[in-house]
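S.K.: Sequence first, predicted coordinates after that:
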Amino acid sequence: MGLFKSSAAPSPDELPPPYGAQLGPGDAAPPPPQLLPEKEKARPPPPQQQEQPTASTSATPSDLSLSGNGPPISFHIYKAGGVFSRDDLVTGDDKKTILFYLDHPLSFFGSWSMTLHRGGKGGPPVSFIDKEALSSDMLLRMPNGWHTPLVQPGFFSSSHEFTGFDGKTSYKWKRAAMSSDWTLIKKLPNDARQIVAEYRNSVFSISKDGQLLINAGFTNEVELILTSALAVEEWREQQRRRR
């Protein structure tokens, strides 16, 4: 007889119950799990289709209005000097702080050369406006030598067009029929147009010429836009004096 007893295979009654805890005497074994038929098995949910962003096909901003980039920049233009003076003062929105001074010497035969100064009349020049006697076109110049023509596209048109600092962007001042107010338009792809500025003429004021509102998205060209607005307004005044 050896030191160790051989282990005999347990009888079926001694096997542990399936799927869980030990059963006591008299307990019935739980039924085996029910398998679903193949066709009733749960099918995986179909993959969800994510909404794809729509790519823009143009450079057109979503809001083309004057306030599309926030409150517009406001300037007020007042007459300066005496009765025969054509100089202008340009203030900020407070109507008190002088930001620019337009020096317009007396000229004859329809030609002029105006200088826009920063601050008062003795301030540094910001821009120049030149016009020949027998032409409706003007030239806008900057102290660094940059310049762009301000062109009247047609003899019977009151509109004036010029190009921005990048040499590509096209701007156009338009005046509605029977109106003294101006609107500056930027041409966009797909024939869209964005309002860049508005010049509202103070027709019934003795001391004020008007108000200029500039789209806040064009801060890098504020002085160019201001210069062009003063130029087209002087052109309008010249047309009025000829009547």
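M.R.: Perfect, I can see it now.

S.K.: how about His104, what does it touch?
M.R.: Neighbouring residues of His104 by C-beta atoms under 8 Å, 6 or more residues apart in numbering: 85-88, 112, 114, 234. In this view, the C-beta of every residue, glycine as well, is placed from N, C-alpha and C.

S.K.: Grab the nearest non-local neighbour of it.
M.R.: Excluding the flanking residues, the one nearest His104 by C-beta to C-beta, 6 or more residues apart in numbering is Arg86, at 4.0 Å.

S.K.: low-confidence ranges in this structure?
M.R.: Flagging of the chain using pLDDT under 70 yields the residue ranges 1-62, 82-83, 239-243.

S.K.: Helices along that one, start to end?
M.R.: 222-242 (DSSP state H).

S.K.: show me where it has strands.
M.R.: 73-79, 88-91, 98-103, 112-118, 125-131, 138-141, 147-150, 160-163, 170-175, 182-187, 193-201, 208-214 (DSSP state E).

S.K.: residue contacts, the residue nearest to His104?
M.R.: So Arg86 contacts 104, 106, 234 (C-beta under 8 Å, 6+ apart).

S.K.: ok, of those, which one's closest to Gln152?
M.R.: Of all the contacts of Arg86, Gln152 sits closest to Glu234, with 13.2 Å by C-beta to C-beta.

S.K.: Contact partners for that closest one?
M.R.: Each residue near Glu234 by C-beta under 8 Å, 6+ apart is listed here: 86, 104, 112, 114, 129.

S.K.: tally of neighbours for Pro105?
M.R.: Pro105 has 11 neighbours, counted by other C-beta atoms under 10 Å.

S.K.: what do you get for the one 3 residues further on?
M.R.: By other C-beta under 10 Å, the residues close to Phe108 number 7.

S.K.: Distance of it relative to Thr183?
M.R.: Phe108 is 31 Å from Thr183, where distance means C-beta to C-beta, to the nearest Å.

S.K.: what's the answer for Ser157, then?
M.R.: Distance of Ser157 to Thr183, computed by C-beta to C-beta: 14 Å.

S.K.: between the two, who's got more neighbours?
M.R.: Legend: neighbour count by other C-beta under 10 Å for Ser157 and Thr183, higher for Thr183 (18 against 12).

S.K.: how far away is the more buried one from Ser135?
M.R.: Noted for Thr183: a distance of 24 Å to Ser135, by C-beta to C-beta.

S.K.: same deal with Pro189?
M.R.: Taking C-beta to C-beta, one finds Pro189 at 32 Å from Ser135.

S.K.: between those two, which one's more packed in?
M.R.: A count of neighbours by other C-beta under 10 Å puts Ser135 above the other of Pro189 and Ser135, at 12 against 9.

S.K.: quick one: contacts for the more buried one?
M.R.: Contacts of Ser135 by C-beta under 8 Å, 6+ apart: none found.

S.K.: Can you pull the phi and psi angles for it?
M.R.: Dihedral pair for Ser135: phi -130, psi 150, per degrees, to the nearest 10.
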